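>>> My questions are about this predicted structure, shown below with the sequence.
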Amino acid sequence: RRALTKLSYYHKPGKQRLFPCTLGDVIDRTAEKRGDNLAIVSCHQSIRKTYAEYKQDIDNFAAALISLKLGVGSRIAIIAPNMYEWAVVLFASAKAGLVLVNVNTAYQTPEIEYCLNHTDCKAVIFSEQFSKQDYYQMLVKLAPELKSCTPGELKSSRLPSLKHVIVVGETAKPGTVTFADLMGSVTSGHLRALSCTASKLQMDDAANLQFTSGTTGKPKAAQLSHFSLVNSAYLVGRRLDLHKQDELICLNVPLVHCFGCIAGTMSAAIFGSTVVMPAPSFRADAALRCIGKEGCTAIYGTPSMYIDMLQHAECSHTDLPSIRRAVISGAPCPHQVIESVMKKLNVRRFHILYGTTETSSMIAANDPNQPLDRWIDSVGKPLDHVEVKIVDPQNRIVPVNHRGELCTRGYAVFMGYFKEDKKTKEAVRDGWYHTGDGAVMTEDGRVSILGRIRDVIVRGGESVYPQEVEQFLYAHPAVQEVQVVGVPDERKGEQVCAWIKLKPGVDPSPEDIKNFCKGKLTHYKVPRYILFVGEFPKTVSGKVQKHVIREESRKILHL
């Protein structure tokens, strides 16, 4: 008989039941129980709101959306950086029975056109300006009719579904209405209509459309339900101990992505924690200043954000006595970074989370109460109620400690890619979502992520996992940040190429790096090419774009 405990499968039902409620129910409950708790602090806007005030703004804006007569289930988009209004729209749209479409702030005009048309958005909410992006001018380029239309009556040939354009700013532009004016137009009748709509919403209704990174082809819109969002936020919050004490969370990650939107803002709202936004987008100096001023007890960020904060803290001699925990996700985190964060940023508990957009954010997290060597190489065990298995290319579960693809099923799995049934069927088979991530599971259920399966380098028939080489190179005293990719090679198929960002004041040669590897790494894992760089191409959420690195490497090396 097979020893089933030796297979890479894990499931723990959990003591806490899943909640059959909507996002609107969540904010109502928290405001009732913890109305005086501080909900949102937007440092760059000088805004501070308690949960009672936050709920009132949510209800008013939700009622304002009802007044537009969009219809339950209609899609509305938001294009804005981290700001208070984003957090209001997140719950207001859900409460009004609408589906919020998160649009990446880095998107250019053609990408915005695709997102709005693909999801048939009837309304768009945008910030007046962010970085070098002028969203109004982008919209005018797509719909010149906007400049001469009455607000709410847009008729555009290129954006046929779009009717309402709402600007978060002090002054309405032609064809638009401001966020504040729309919210201020609410009547008691609109609030009664909101109450009626909210009472009829079901937990399985769609609430959110989040676009995947889209490194190959057009980005896909993952549709998430109230049920998956509420329970993902709840269970990750419990794993982070938000139910045990009030937290002031320095949220560096963008709200447009699932880490900031679900594991950050929604999770905080369930437990009455405080979300502190240091800046519209991540800046190490703003984050550290905000932590010191507000007395933040937790930091949320990606590995590259922690690397930047470490460097800035060291240069500015910053001390952070209030910090209790650090939460990290978005990419594998080097051991040296974890150890430096715990030592230099005064972090006592370090949480590593793993998830994807399609799994409503996080499905696994480590247990920092365990000794460091028990969790530093893994993302911990799956959250309660989540099933996880590791499979081979034939979709058979592999034995423990064997490599394969991580698959998951349960409450967290998305409803499907909007309007893309074929791609949904490719990703979800027999109820199991195939993540595309290589992984290994230990006998007790701890999972280690090896990176994207498509990123594995095959050199002369040998598989090289970039993360393994990156972890090794971080041990070099001159290396501040590193990324490893495969580049074409006529003889071996692929060669290993390392992009390295050096620490200040050091100047090793490529041969110095290679000599450091020799005798410690298997010969075929030693990088053939070493490229020293100042920065890495990254998404707005701080994820390094390996596909861009691969293409740039080919150009630089003339391959």
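Now that the structure is in, tell me what you want to look at.

>>> Break this structure down into its structural domains.
Listed by automatic domain parsing, the domain ranges of the chain are 50-200, 225-384+402-437, 456-556.

>>> could you pull out the strands for the stretch 1-150 of the chain?
Per DSSP state E, counting those that start in this stretch, the stretch 1-150 of the chain carries strands over the ranges 9-11, 38-42, 47-50, 75-79, 99-102, 123-127.

>>> want to throw the domains of the chain into a markdown table with mean pLDDT, mean neighbour count and distance to residue 32?
C-beta coordinates here come from the backbone N, C-alpha and C atoms, glycine included. Converted to a markdown table, the domains of the chain look like this (pLDDT from 0 to 100; neighbours: other Cβ atoms under 10 Å; distance: least, Cβ to Cβ, whole Å):
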| stretch | mean pLDDT | mean neighbour count | distance to residue 32 |
| --- | --- | --- | --- |
| domain 50-200 | 96 | 20 | 9 |
| domain 225-384+402-437 | 93 | 21 | 11 |
| domain 456-556 | 92 | 17 | 33 |
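
>>> Serialize those domains to CSV and add fields for distance to residue 29.
Below are the domains of the chain laid out as CSV (distance: least, Cβ to Cβ, whole Å):
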stretch, distance to residue 29
domain 50-200, 10
domain 225-384+402-437, 8
domain 456-556, 29
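
>>> Between the strands of the stretch 1-150 of the chain, which one is closest to residue 444.
Among the strands of the stretch 1-150 of the chain, the nearest to residue 444 by Cβ to Cβ is strand 9-11 (8.7 Å).

>>> returning to what we had before: with distance to residue 428 added, can I get the strands of the stretch 1-150 of the chain in TSV?
Below are the strands of the stretch 1-150 of the chain laid out as TSV (distance: least, Cβ to Cβ, whole Å):
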stretch	distance to residue 428
strand 9-11	18
strand 38-42	35
strand 47-50	38
strand 75-79	22
strand 99-102	20
strand 123-127	29
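
>>> right, and those strands - which one's nearest residue 239?
Here strand 9-11 is closest among the strands of the stretch 1-150 of the chain (Cβ to Cβ), at 14.5 Å.

>>> Now do the closest one, average pLDDT.
Here strand 9-11 scores 96 as its mean pLDDT.

>>> Which neighbouring elements make contact with it?
strand 381-382, strand 387-391 (3 or more Cβ pairs under 8 Å, 6 or more residues apart in numbering; DSSP states H and E).

>>> Return the set of buried residues in it.
Using 16 or more other Cβ atoms under 10 Å as the test for burial, strand 9-11 gives 9-11.

>>> and which of the residues you listed is nearest to residue 51?
When those are compared against residue 51 (criterion: Cβ to Cβ), the nearest one is residue 11, at 34.3 Å.

>>> do you know how far the nearest residue to that closest one once chain neighbours are set aside is from residue 315?
Computed as Cβ to Cβ, 6 or more residues apart in numbering, the closest residue to residue 11 that is not its neighbour in sequence is residue 387, at 4.5 Å. The spacing between residue 387 and residue 315, counted by Cβ to Cβ, to the nearest Å, is 46 Å.

>>> swap in residue 204?
Taken as Cβ to Cβ, the span from residue 204 to residue 315 is 50 Å.

>>> Residue 466 now?
For residue 466 relative to residue 315 (Cβ to Cβ), the value is 29 Å.

>>> Please apply the same query to residue 121.
Per Cβ to Cβ, residue 121 is found 44 Å from residue 315.

>>> And for residue 170?
As judged by Cβ to Cβ, residue 170 and residue 315 stand 36 Å apart.

>>> just residue 179 next, same as before
Distance from residue 179 to residue 315, by Cβ to Cβ: 38 Å.

>>> returning to what we had before: what's the most buried one of the helices and strands packed on strand 9-11?
strand 381-382 (a mean of 24; mean count of other Cβ atoms under 10 Å).

>>> Show me the contact partners of that one.
With Cβ atoms under 8 Å, 6 or more residues apart in numbering as the test, strand 381-382 has contacts from 10-12, 363-367, 388, 408, 444-447.

>>> Give the pairing partners of it; include direction for each.
According to DSSP bridges, strand 381-382 has the following sheet partners: strand 361-365 (antiparallel).

>>> what's next to the helix or strand following the strand it pairs with, contact-wise?
Scanning forward in sequence from strand 361-365 by DSSP states H and E, the next helix or strand is helix 372-375. Defining contact as Cβ under 8 Å, 6+ apart, one finds that helix 372-375 is touched by 352, 366-368, 446.

>>> Quick check: the farthest pair among those?
368 and 446 (13.1 Å).

>>> element containing residue 235?
helix 226-239.

>>> ugh, wrong one, I meant residue 481
Going by DSSP H and E, residue 481 is in strand 479-489.

>>> Just the CA trace of that strand, in PDB.
Extracted in PDB, the C-alpha atoms of strand 479-489 (Å, rounded to 0.1, in the frame of the first residue of the first chain):
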ATOM      1  CA  VAL A 479      26.500  42.000  -4.000                       C
ATOM      2  CA  GLN A 480      23.500  44.200  -3.000                       C
ATOM      3  CA  GLU A 481      20.900  42.800  -5.400                       C
ATOM      4  CA  VAL A 482      21.000  40.100  -8.100                       C
ATOM      5  CA  GLN A 483      18.800  38.500 -10.800                       C
ATOM      6  CA  VAL A 484      19.700  35.400 -12.800                       C
ATOM      7  CA  VAL A 485      18.200  34.600 -16.200                       C
ATOM      8  CA  GLY A 486      18.900  32.300 -19.100                       C
ATOM      9  CA  VAL A 487      20.200  33.600 -22.500                       C
ATOM     10  CA  PRO A 488      20.500  31.800 -25.800                       C
ATOM     11  CA  ASP A 489      23.600  29.700 -26.600                       C
END
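
>>> Tell me how far residue 71 lies from residue 89.
18 Å.

>>> surely residue 495 meets residue 464?
No - contact criterion Cβ atoms under 8 Å: residue 495 and residue 464 do not qualify, at 9.5 Å.

>>> who touches both of the two?
With Cβ under 8 Å, 6+ apart as the test, residue 495 and residue 464 both reach 457, 486.

>>> Dig out what the closest residue to residue 418 other than its chain neighbours forms beta bridges with.
In space, and not counting its chain neighbours, residue 418 is closest to residue 221: 4.0 Å by Cβ to Cβ, 6+ apart. Assessed by DSSP bridges, residue 221 has beta-bridge partners residue 211.

>>> What of the one 4 residues further on?
Listed by DSSP bridges, the beta-bridge partners for residue 225 are residue 206.

>>> With residue 404 instead?
With DSSP bridges as the rule, residue 404 is bridged to residue 439.

>>> got it, and residue 177?
Beta-bridge partners, per DSSP bridges, of residue 177: residue 166.

>>> okay but it is in contact with residue 167, surely?
Yes - Residue 177 is in contact with residue 167 according to Cβ under 8 Å; the separation is 7.5 Å.

>>> Overlap of the contact sets of these two?
By Cβ under 8 Å, 6+ apart, residue 177 and residue 167 have no common neighbours.

>>> related to what we said a few turns ago, out of the contacts of strand 381-382, which one sits closest to residue 380?
residue 366 (3.2 Å).

>>> which residues does the closest one contact?
Counted by Cβ under 8 Å, 6+ apart, residue 366 has contacts 350-352, 375, 378-381, 446.

>>> quick one: the residue lying closest to it once chain neighbours are set aside from residue 279, how far?
Spatial nearest neighbour of residue 366, excluding adjacent residues (Cβ to Cβ, 6+ apart): residue 380 at 3.2 Å. As judged by Cβ to Cβ, residue 380 and residue 279 stand 30 Å apart.

>>> Stretch 535-543: end-to-end distance?
In stretch 535-543, first residue to last residue: 12 Å (Cα to Cα, to the nearest Å).

>>> What are the contacting residues of that stretch?
Counting by Cβ under 8 Å, 6+ apart, 104-106, 213, 252-254, 256-257, 259-260, 281-282, 301-305, 330-331, 481, 483, 499, 501, 544-545, 548-549, 552 sit against stretch 535-543.
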